[in-house]
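Asks: Predicted coordinates and the sequence they were generated for:
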Amino acid sequence: MLRLRQRLQHKTIIITGASYGIGESLCHLLADIDCNLILVARTADKLRELKQQLAMCKAKIDLYAADLRDSQQIDEFIQYIQAFPIDIFINNAGKSICRPIMQSLDRLHDFERTIKLNYLAPVQLCLALIPKLKQSQGLIVNVSAINVLLAPTVNWAAYQASKTAFDQWLCCATAELQNQQIKVSTAYLPLVKTRMIEPNIAYKNLPALQPKQAALIISRLLQTQKRQYKPWWTIIAQLASVLFNGIWLILNRYYIKRK
Ligand SMILES: NC(=O)c1ccc[n+]([C@@H]2O[C@H](COP(=O)([O-])OP(=O)(O)OC[C@H]3O[C@@H](n4cnc5c(N)ncnc54)[C@H](OP(=O)(O)O)[C@@H]3O)[C@@H](O)[C@H]2O)c1
């Protein structure tokens, strides 16, 4: 904690998706440091409640309620932060959708919502923040998902495509950003017990991190500024996902032929 404190002291940190889940836990973890947290999410009441809970902590907290799927609202947020020096941008706000394609035929909005929040919003924010991050020799932390490193998963087209899109964007931009003295870290998180996974009953009994553990992983990236975090068992999951996909395709073909 001491090293993290030293690293973040007097820094200004934007955290999107701060109202619930991993973002909220991260706020609790960082609030004891003498830094400036700018917290963004849609639910203004929840952000205010969080600020009240952290009122006795060292961090100075600014709140900004916005729907990050709306580029106009992002522009207004960018105007708002012009007054601040920005040292760290934590891209954490996200939306997941798990739905078969055949149940999505009249649901283009699923793909629009995920691509706007999980891809276009962080791109718009990064583009606007690059000059400030260059000035502060700052850091971008992307809260990504292990899914991005696995073989494409059935039912997850909307989420996986949008998370992968930003991951690719950031990977492509990393060398250019490093030339501007901006560092980039990505946390490829496994399953975390937040309201995001609640609708999916298949995940109910699967092992998952607690939001506090995920926040700790992100705080380690903030401290070490390492390029990435991924679970030690990622390679096993990658092999299993390829195998699963293959079996699924074979069974599917066999089933279609028999029909
Ligand atoms: N949970 C997991 O298993 C898991 C695994 C790997 C990666 N992740 C990633 O971790 C990040 C945080 O997810 P979480 O599990 O903590 O989910 P969560 O509990 O649902 O929190 C999502 C956060 O994003 C905010 N948000 C959602 N839509 C928004 C919008 N349109 N505009 C602004 N803010 C919005 C939410 O606030 P409001 O609703 O108040 O706007 C909330 O603060 C996501 O990027 C997710 O992809 C999660």
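Replies: Perfect, I can see it now.

Asks: what's the burial count for the residue of the stretch 51-200 of the chain found nearest the ligand?
Replies: Of all residues in the stretch 51-200 of the chain, the one sitting closest to the ligand is G94 (2.3 Å; Cβ to the nearest ligand atom). Every C-beta, even on glycine, is put in place using the N, C-alpha and C of the backbone. G94 has 24 neighbours, counted by other Cβ atoms under 10 Å.

Asks: For the spatially closest residue to it that is not a sequence neighbour, give me its contacts.
Replies: Of all residues not flanking G94 in the chain, N118 sits nearest, at 5.5 Å (Cβ to Cβ, 6 or more residues apart in numbering). Shown in contact with N118 (Cβ atoms under 8 Å, 6 or more residues apart in numbering): G94, K95, Y159, S162, K163, A165, F166.

Asks: Need phi/psi at the fifth one.
Replies: Main-chain dihedrals, K163, degrees, to the nearest 10: phi -70, psi -40.

Asks: pretty sure it contacts L149?
Replies: No: in this structure, K163 is not within contact of L149 by Cβ atoms under 8 Å, at 10.4 Å.

Asks: hang on, the residue nearest to G94 in a helix?
Replies: Yes: using DSSP: H, G, I helix; E, B strand; the rest coil, the secondary structure at N118 is a helix.

Asks: Can you tell me how far it is from A145?
Replies: Using Cβ to Cβ, to the nearest Å, N118 is found at 10 Å from A145.

Asks: do the same with P100
Replies: P100 sits 19 Å away from A145, going by Cβ to Cβ.

Asks: mind listing the helices for the stretch 151-259 of the chain?
Replies: Remark: helices assigned in the stretch 151-259 of the chain by DSSP state H, counting those that start in this stretch are 157-179, 211-224, 234-258.

Asks: Report the rounded mean pLDDT for the first one.
Replies: So that's helix 157-179. Helix 157-179 carries an average pLDDT of 98.

Asks: swap in the shortest one?
Replies: Per-residue pLDDT values over helix 211-224 give a mean of 98.

Asks: Now do the same contact list for L26.
Replies: I15, A18, I90, N92, A215, I218, S219.

Asks: Tell me which two in these are the farthest apart.
Replies: The span of the contacts of L26, defined through Cβ to Cβ, is set by A18 and S219 at 14.2 Å.

Asks: Between these two, which is the more surrounded one?
Replies: Neighbours per residue (other Cβ under 10 Å) separate A18 from S219, with A18 holding more: 29 against 20.

Asks: so how far is M196 from M56?
Replies: Going from M56 to M196 by Cβ to Cβ gives 29 Å.

Asks: Counting neighbours, go ahead and name the busier of the two.
Replies: Each of M56 and M196 has its neighbours counted (other Cβ under 10 Å); M196 has more, 19 against 8.

Asks: Other residues contacting the helix or strand bottoming out on mean pLDDT in the chain?
Replies: None of the helices or strands of the chain scores lower by mean pLDDT, DSSP states H and E than helix 234-258, at a mean of 84. Outside helix 234-258, the residues within contact range by Cβ under 8 Å, 6+ apart are I146, L149, L150, A151, P152, T153, V154, Y188, P231.

Asks: Just want the phi and psi numbers for F89.
Replies: Main-chain dihedrals, F89, degrees, to the nearest 10: phi -120, psi 120.

Asks: Please apply the same query to the one 3 residues further on.
Replies: For N92, the backbone dihedrals are phi -120, psi -30 (criterion: degrees, to the nearest 10).
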